[in-house]
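> compute the structure for the input listed below.
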Amino acid sequence: MGSQLHPPQAPWDSAPPQEQLFVLITGANSGIGLAIGERLIDEFLATRSLTSHLILLPTTRSKSKSLQTISALRTYAQSAAQTSSALKSRVGPSYKWEDTVKRIHVLSLQLDLCDLRGVYDFARRLVNEPVSNPEGLSDEYLQNVQIPRLDSVVFNAAYGGWSGVNWPLAIWNVLTKNLVENMTWPEFKNALPTCILNEQPKYQYPAKPRLGEVFSACVFGHYVLAHQLLPLLSRRSENESLGRIVWSSSIEALREGFDISDIQCFDNSTPYESSKRLTDLISLTSDLPSVKAYSAPFFTPDDPKQAREKPIAPKMYLTHPGVVASTLFPLPWFLMWAYSLALVIARWLGSPWHGCTGYIGAKSAAWVALQEQSELDNLDAEHIKWGSSCNHKLEVGVKKTEVPGWGWEGRVEDAKADTTLGFLAKSVGRKSSSLDTTEEDLVEFEALGAQCWKKMEELRREWEKILGIKAA
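The predicted structure follows:
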């Protein structure tokens with residue numbers, strides 16, 4: 001009973017708050033999600049003080065996957081500590097890799113973003129209760145520990161909803177059109193009809209209103225989670241480092257893939273692209289003047305006391321991984337080598353978007369999570385879509401990405417006037433059919449963002465009532 005009232009001291013409690021970094025990553029058992037954890041370990045150890053602690057909270061959909069993820073990230077951290085020449089040079093002859101490993105902590109919890117009851121319960125437990133890793137690993141020490149805050153939540157989990165590839169169209173496009181653009185914005189993926197979660201008995205949803213699987217996995221589950229985690233993401237004063245909500249979007253989030261009258265994409269064949277376009281719209285417009293009337297309640301904790309005590313809301317940031325050879329793409333495993341080769345060829349031909357590996361794709365999300373707040377503020381980073389990018393030499397960076405109707409920075413500009421050199425230049429990797437953003441486009445984008453926020457908040461409140469989370 002006493003241990004529940006007073007959780008045991010966590011291994012990071014000896015460090016001051018400014019030397020602790022808590023990062024939650026959804027969908028982190030493989031692919032880009034796992035790679036975000038790996039890159040955070042590498043870059044944290046390379047840039048932070050030798051006494052600071054990194055606490056990773058990767059979520060998975062099962063205890064067995066959580067155990068695999070914990071083991072994978074622990075092994076990675078140990079390898080990084082043992083092989084890092086930079087760490088050895090910083091510490092000197094007294095360097096002990098074991099001391100470095102003790103500063104990296106992995107706590108993996110289970111989360112299904114399509115299970116809204118589970119999302120609310122996950123957030124409630126993380127905010128209010130001590131949490132533990134699942135049993136099953138040796139020398140496990142993260143049992144009944146309290147998470148005092150979250151510095152970043154990285155919304156990486158996604159579901160594509162594709163059935164396969166239209167091979168005749170794929171071959172025709174590759175032979176007759178620009179290979180790089182075909183490998184960046186493919187038009188030959190076959191989408192499954194939008195799966196209705198209400199029809200899956202395990203979720204026990206009522207028949208109406210309908211809830212789409214891709215929409216929930218990519219956007220709505222994360223949206224609800226972010227609001228429920230506000231007690232951990234909000235701050236008492238502006239002197240504290242702000243909480244960050246880091247969305248992972250897609251290079252494929254094009255204007256034509258989204259219809260505000262069909263926000264869950266029930267009636268169209270692009271549910272993934274629609275969800276990613278919606279992600280762009282809500283993230284980039286979250287603090288714009290006409291949007292605040294709808295977004296302000298989302299950024300306010302439900303508990304009035306918490307809202308008073310922590311009035312400083314987190315900021316939203318938008319990232320994407322570029323093009324990565326992942327199982328999200330609808331190919332059988334025995335053809336992934338051919339797809340990977342095509343992506344490499346696209347990079348050789350000058351594309352800045354084809355990093356191919358999850359580790360390169362993880363760059364933008366890890367970069368946002370680790371930057372100093374002053375640096376992000378100076379860049380006006382919350383109004384830019386940051387993409388993981390590289391060149392044929394595998395030099396990696398974060399690149400400003402053009403968003404249809406928004407441009408690169410939410411203003412009218414000419415890509416030709418950009419003075420950035422190399423693969424990070426705005427004109428490099430730009431879609432050939434892109435049109436320059438106008439003042440009218442920006443007005444329409446903000447108005448569409450306001451409509452999206454209005455609908456998302458209405459949907460959030462509607463499902464709270466349906467699930468009995470709050471009184472009607």
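> in three-state terms, label the residue sitting furthest away from the middle of the chain for me.
Here the chain reaches farthest from its C-alpha mean at P93, the gap being 38.8 Å by C-alpha atoms, centre = their mean. Classification of P93 by DSSP: H, G, I helix; E, B strand; the rest coil places it in coil.
> which residues of the stretch 251-400 of the chain fall in helices?
Under the criterion DSSP state H, counting those that start in this stretch, the stretch 251-400 of the chain contains helices at 271-285, 292-295, 304-309, 336-348, 358-361, 363-370, 373-378.
> include mean pLDDT and mean neighbour count when you put the ones you listed into TSV, please.
C-betas here are computed from N, CA, C, even on glycine. Below are the helices of the stretch 251-400 of the chain laid out as TSV (pLDDT from 0 to 100; neighbours: other C-beta atoms under 10 Å):
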stretch	mean pLDDT	mean neighbour count
helix 271-285	96	26
helix 292-295	95	18
helix 304-309	94	12
helix 336-348	88	16
helix 358-361	96	24
helix 363-370	98	25
helix 373-378	96	12
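> any chance of the ones you listed in TSV, plus distance to E238?
Shown next, in TSV, are the helices of the stretch 251-400 of the chain (distance: least, C-beta to C-beta, whole Å):
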stretch	distance to E238
helix 271-285	21
helix 292-295	18
helix 304-309	14
helix 336-348	42
helix 358-361	33
helix 363-370	19
helix 373-378	10
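> Q20 is nearest to which of those helices?
When the helices of the stretch 251-400 of the chain are compared by C-beta to C-beta, helix 363-370 sits nearest Q20, at 13.5 Å.
> what average pLDDT does stretch 404-424 get?
Across stretch 404-424, pLDDT averages out at 91.
> just the buried residues of it, please?
Buried residues in stretch 404-424, counted by 16 or more other C-beta atoms under 10 Å: P404, G405, W406, G407, W408, E409, G410, F423, L424.
> determine which two of the residues you listed are furthest apart.
Farthest apart among the buried residues of stretch 404-424 by C-beta to C-beta are G405 and F423. That separation is 24.3 Å.
> quick one, longest strand in the chain?
Ranked by number of residues, the top strand in the chain under DSSP state E is strand 53-60.
> that one to helix 363-370, inter-axis angle?
Angle, strand 53-60 to helix 363-370, by axes from the mean of the first three to the mean of the last three C-alpha atoms, to 10 degrees: 130 degrees.
> strand 53-60: what's the following helix or strand?
Tracing the chain C-terminally past strand 53-60 and defining elements by DSSP states H and E, one meets helix 63-83 next.
> tell me what that following helix is packed against?
helix 31-47, strand 53-60, helix 97-101, strand 104-106, strand 109-110 (3 or more C-beta pairs under 8 Å, 6 or more residues apart in numbering; DSSP states H and E).
> wait, which of the ones you listed is closest to K310?
When the helices and strands packed on helix 63-83 are ranked by distance to K310, counting by C-beta to C-beta, first place goes to strand 53-60 at 19.5 Å.
> same list (the helices and strands packed on helix 63-83) but as a markdown table, adding mean neighbour count, distance to Y359 and mean pLDDT.
As requested, those are exported to a markdown table (neighbours: other C-beta atoms under 10 Å; distance: least, C-beta to C-beta, whole Å; pLDDT from 0 to 100):
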| stretch | mean neighbour count | distance to Y359 | mean pLDDT |
| --- | --- | --- | --- |
| helix 31-47 | 22 | 5 | 96 |
| strand 53-60 | 24 | 15 | 98 |
| helix 97-101 | 16 | 20 | 92 |
| strand 104-106 | 24 | 17 | 96 |
| strand 109-110 | 17 | 24 | 96 |
